[in-house]
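S.K.: Task: produce atomic coordinates for the following.
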Amino acid sequence: MALRTETDKETGVALVTLDRPGKLNAIDLATAAELSAAWRAFRYDDEVRAVVLTGAGGRAFCTGIDRSVQVPQPSSPYTIDDPLLTIGPKANDLWKPVIAAVEGMACGGAFYLLGEAEFVIASEEATFFDPHTTYGMVSAYEAISMAQRMPFGEVARMSLMGTAERITARRAYEIGLVSEVTEPGGAVAAALRAAAVVASYPTLAVQGTVRAVWSAKEAARAQAMAHAPHLITLGNLPLERQAEAFEGRGGNGFRLR
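M.R.: Numbering: from 1, shown residues only. Coordinates of the predicted model:
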């Protein structure tokens, strides 16, 4: 199992941990299926009234899809098979509040998860970046997710600068991506405290509020997502050239801002 779930019945808070620290909590097909199943199970678990999502090991919250995953693609530029599209709580019709606790790196496909959390708490050592363009890939779903949480210019810069820059937790707080910055190692504890407060309130009112806030941005997001498949298909380098770029750069050579 690549996912650990612990529920505190006293507070009504579940802690979900991506547990692949050796892979920087990258998501393979099994992990994607586990995430989807976990969110859907929470819909029926009345003991869970709020959820905290984090990554194990401290080095990374999540680094997106595992590069070893092979996902065959249809030939049409108007459709794409993306296993990360269903890893988030909203994609699985869960309207209980989810708080993301970020320690270390959060990049690429991690934004599918951050984009569907109610808010994000990060430690001082957390960093955020989007490597797609560096390796000849279109950042579509990820950039669209972040466009719901960050100013346009910040999303564009992060998406276009690739691995050359990483956004610090402090900068992420300044631009609204992160709602609270903690001391190193403190993100999960802070998220659990916040989740316990939310979970103590009448659950139907909380879920209705989550749904109302989400509806404010849902139409624009849905329209943007509809354009993503053919943009990715038309803009991505062939897989072998992506691999060459990945091996050649090694993910290094960045600066913080």
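S.K.: can you tell me which residues contact Ala32?
M.R.: 83-84, 86-87 (CB atoms under 8 Å, 6 or more residues apart in numbering). (Each C-beta comes from the backbone N, C-alpha and C, glycine too.)
S.K.: same thing but at 10 Å, please
M.R.: 2, 65-66, 69, 82-87, 109, 112 (CB atoms under 10 Å, 6 or more residues apart in numbering).
S.K.: tell me how far stretch 133-141 is from the chain's mean position?
M.R.: Relative to the chain's own centre, stretch 133-141 is displaced by 16 Å; criterion: CA atoms, centre = their mean, to the nearest Å.
S.K.: hmm, back to that, can you add secondary structure and distance to Arg157 and give the contacts of Ala32 back as JSON lines?
M.R.: Shown next, in JSON lines, are the contacts of Ala32 (DSSP: H, G, I helix; E, B strand; the rest coil; distance: CB to CB, whole Å):
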{"residue": "Ala2", "secondary structure": "coil", "distance to Arg157": "32"}
{"residue": "Ile65", "secondary structure": "strand", "distance to Arg157": "23"}
{"residue": "Asp66", "secondary structure": "coil", "distance to Arg157": "27"}
{"residue": "Val69", "secondary structure": "coil", "distance to Arg157": "28"}
{"residue": "Asp82", "secondary structure": "coil", "distance to Arg157": "24"}
{"residue": "Pro83", "secondary structure": "helix", "distance to Arg157": "28"}
{"residue": "Leu84", "secondary structure": "helix", "distance to Arg157": "23"}
{"residue": "Leu85", "secondary structure": "helix", "distance to Arg157": "25"}
{"residue": "Thr86", "secondary structure": "helix", "distance to Arg157": "29"}
{"residue": "Ile87", "secondary structure": "coil", "distance to Arg157": "25"}
{"residue": "Gly109", "secondary structure": "coil", "distance to Arg157": "19"}
{"residue": "Tyr112", "secondary structure": "helix", "distance to Arg157": "20"}
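S.K.: what bits of the stretch 51-200 of the chain have low per-residue confidence?
M.R.: Across the stretch 51-200 of the chain, residues meeting the criterion (pLDDT under 70) sit at 77.
S.K.: For it, just list every one of the strands.
M.R.: Here the stretch 51-200 of the chain has its strands, by DSSP state E, counting those that start in this stretch, at 60-62, 98-102, 105-107, 119-123, 127-129, 165-168, 180-182.
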